[in-house]
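[1] Provided below are the primary sequence and the corresponding predicted coordinates.
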Amino acid sequence: MKIVDVICSAGRTGFYFDDQRAIKRGAKHEGFTYVGEPVTEGFHDIRQAGESISVMLILEDGQVAYGDCAAVQYSGAGGRDPLFLAEDFIPVIEKHIAPKLIGRELTGFKALAEEIDTIAVEGKRLHTAIRYGVTQAILDAAAKVKKVTMAEVIREEYNTGVEFKRVPIFSQSGDERYLNVDKMIIKGADVLPHALINNVEEKLGKGGEILREYVLWLKNRIMEFRTHEEYTPVLHIDVYGTIGSAFDDDTEKMADYLGQLEKAAYPFKLRIEGPMDVEDREGQWKALKRLKNALREKGIKVELVADEWCNTWEDIKLFADEEAADMIQIKTPDLGGVNNIVESILYCKKNGVGAYCGGTCNETDRSAQVCTNIAIACGADQCLAKPGMGVDEGFMIVYNEMNRVLALSKA
């Protein structure tokens with residue numbers, strides 16, 4: 001089956017682009033937006049509408065396969081590629097990608113995805129968002145040619161040997177960490193609530209007291225409103241390095257505090273994502289590993305999730321090799337080609353590290369569907385309900401796609 005054309009359309013994502021540097025320099029909220037001048041190149045406002053590009057591959061039998069190019073909320077920061085605007089990058093796809101795909105015989109996913117993911121223009125790889133979306137489209141095309149689900153293509157080509165089953169879904173609350181928890185309980189989210197604890201004074205507490213009270217409230221809320229006792233979600237909270245900030249990155253103090261959170265969460269299992277951020281990759285995995293070892297020595301069973309400074313396939317491999325965390329967030333758009341998501345999940349599983357098929361609120365329904373297929377095919381330990389921060393929409397997209405894949409593959 002040949003690809004006869006490549007068509008692009010501009011789109012919106014499920015959230016926004018935020019100028020992280022401006023926010024860190026003190027930009028203030030005004031309603032849902034921020035006031036002040038942006039400082040990161042490419043931004044015209046500190047918060048602006050997220051953009052995507054749908055890449056549609058027209059197959060010779062008339063079928064259309066597609067994927068969505070999208071980038072993370074904090075684009076252009078932390079060493080990431082620049083702000084991803086549709087009008088800037090559609091011409092890049094048309095000039096450098098389309099000629100390599102039009103007329104190609106499509107026999108599978110892996111080889112072509114790897115080829116596209118490694119294209120260099122003037123010695124530089126293409127924007128991660130382009131590689132992300134185009135390889136999604138290739139995966140969809142391979143599935144359409146073989147007349148199977150995308151998950152089945154991955155299982156076959158990577159020989160994962162995985163028996164398809166539901167992957168626990170992790171729902172994120174955004175700043176509505178109380179109201180949105182009720183939505184998660186009603187809908188039966190497997191892992192919750194993320195909670196967005198990104199400020200010491202307002203959300204963690206200088207001694208961690210605000211978060212400790214929140215975890216206690218969260219535990220009690222679940223026990224009060226769950227419809228059956230068998231509903232025992234994992235509590236997964238992203239603290240954006242604030243525990244390290246509050247306790248001066250002192251390993252013993254952080255471990256003792258996590259022990260307090262474990263008691264507050266009991267009988268539910270607790271995961272803490274990004275407990276500290278020491279602002280470089282080498283220091284980050286070492287600090288995480290020290291804290292992980294300290295927790296085990298104290299008999300504290302809180303699991304640590306790597307996030308900061310663990311963005312690319314190379315980062316994920318390093319953190320897994322060093323046994324720096326109990327689970328790694330595979331931040332899907334930052335990896336470029338979705339072939340790298342496959343490799344990352346499989347590598348984590350092989351090395352006994354939890355594989356969290358994550359991403360960003362600033363994606364689309366399509367990228368969420370593709371990532372769900374990959375999570376199922378590789379046996380990920382959890383996958384993110386995305387896009388957006390409203391709970392209902394992202395949970396629906398991932399939940400429904402998961403059930404469609406399971407039903408179709410059985411049929």
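    Structure received.

[2] now the helix or strand that residue 373 is a member of: average pLDDT?
    Using DSSP states H and E, the element containing residue 373 is helix 365-378. Here helix 365-378 scores 98 as its mean pLDDT.

[3] and the next element down the chain from it?
    strand 382-384.

[4] how close does residue 23 sit to residue 173?
    Applying CB to CB, to the nearest Å, the value for residue 23 to residue 173 is 19 Å. Quick note: C-beta positions are derived from backbone N, CA and C, even for glycine.

[5] on that earlier part again, what packs against the helix holding residue 373?
    On a contact count with 3 or more CB pairs under 8 Å, 6 or more residues apart in numbering; DSSP states H and E, helix 365-378 meets strand 64-69, helix 128-146, helix 150-158, helix 339-350, strand 354-357, strand 382-384, helix 392-410.

[6] may I see the buried residues of whatever helix or strand comes next after the first one?
    Put plainly, it is strand 64-69. For strand 64-69, the following helix or strand on the C-terminal side (DSSP H and E) is helix 86-92. Judged by neighbour count using 16 or more other CB atoms under 10 Å, the buried positions of helix 86-92 are 86, 89, 90.

[7] got it, and stretch 345-354?
    Quick answer for stretch 345-354 (16+ other CB under 10 Å): 345, 346, 347, 348, 349, 353, 354.

[8] out of those, flag the one nearest to residue 208.
    Nearest to residue 208 among those is residue 354, at 23.9 Å by CB to CB.

[9] what confidence value was assigned to the closest one?
    As predicted, residue 354 sits at a pLDDT of 98.

[10] check contacts around it.
    303, 305, 326, 327, 328, 348, 381, 382 (CB atoms under 8 Å, 6 or more residues apart in numbering).

[11] for those residues, pick the one with the most neighbours.
    The residue in the contacts of residue 354 with the most neighbours, by other CB atoms under 10 Å, is residue 328 (28 neighbours).

[12] the residue nearest to it when sequence neighbours are not counted and residue 156, how far apart?
    For residue 328, ignoring the flanking residues on the chain, the nearest one in space by CB to CB, 6 or more residues apart in numbering is residue 306 at 4.7 Å. Taking CB to CB as the criterion, residue 306 is separated from residue 156 by 30 Å.

[13] who's more crowded, those two?
    Legend: neighbour count by other CB under 10 Å for residue 306 and residue 156, higher for residue 306 (30 against 16).

[14] skipping adjacent residues, who's closest to residue 58 in space?
    Once chain neighbours are set aside, the closest to residue 58 by CB to CB, 6+ apart is residue 5, at 4.0 Å.

[15] surely the one you found forms part of a strand?
    Yes - under DSSP: H, G, I helix; E, B strand; the rest coil, residue 5 sits within a strand.

[16] show me the shaky parts of the protein.
    78-79 (pLDDT under 70).

[17] domains of it?
    Per automatic domain parsing, the structural domains of the chain span 3-147, 169-410.

[18] in the stretch 151-300 of the chain, which spans are helices?
    179-187, 209-225, 242-246, 251-265, 281-297 (DSSP state H, counting those that start in this stretch).

[19] any idea which of those helices is most buried?
    Mean neighbours per residue, mean count of other CB atoms under 10 Å, is largest over these for helix 242-246, with a mean of 22.

[20] tell me what it is packed against?
    By 3+ CB pairs under 8 Å, 6+ apart, helix 242-246 packs against helix 251-265.

[21] the helix it packs on versus helix 281-297: what angle between them?
    Using axes from the mean of the first three to the mean of the last three CA atoms, to 10 degrees, the inter-axis angle of helix 251-265 relative to helix 281-297 is 60 degrees.

[22] list of residues touching helix 251-265?
    So helix 251-265 is contacted by 208, 211-212, 215-216, 218-219, 235, 243-244, 247, 270, 272, 275-276, 287, 290-291, 294-295, 298, 300-302 (CB under 8 Å, 6+ apart).

[23] and that helix, C-alpha only, in CSV?
    Extracted in CSV, the C-alpha atoms of helix 251-265 (Å, rounded to 0.1, in the frame of the first residue of the first chain):
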residue,chain,number,x,y,z
THR,A,251,17.7,13.3,52.3
GLU,A,252,16.9,12.3,55.9
LYS,A,253,14.4,15.1,56.4
MET,A,254,12.7,14.4,53.1
ALA,A,255,12.5,10.7,53.9
ASP,A,256,11.0,11.4,57.3
TYR,A,257,8.5,13.7,55.8
LEU,A,258,7.5,11.1,53.2
GLY,A,259,7.0,8.7,56.0
GLN,A,260,4.4,11.1,57.5
LEU,A,261,2.7,11.3,54.1
GLU,A,262,2.6,7.5,53.9
LYS,A,263,0.8,7.4,57.3
ALA,A,264,-1.7,10.0,56.1
ALA,A,265,-2.4,8.1,52.9
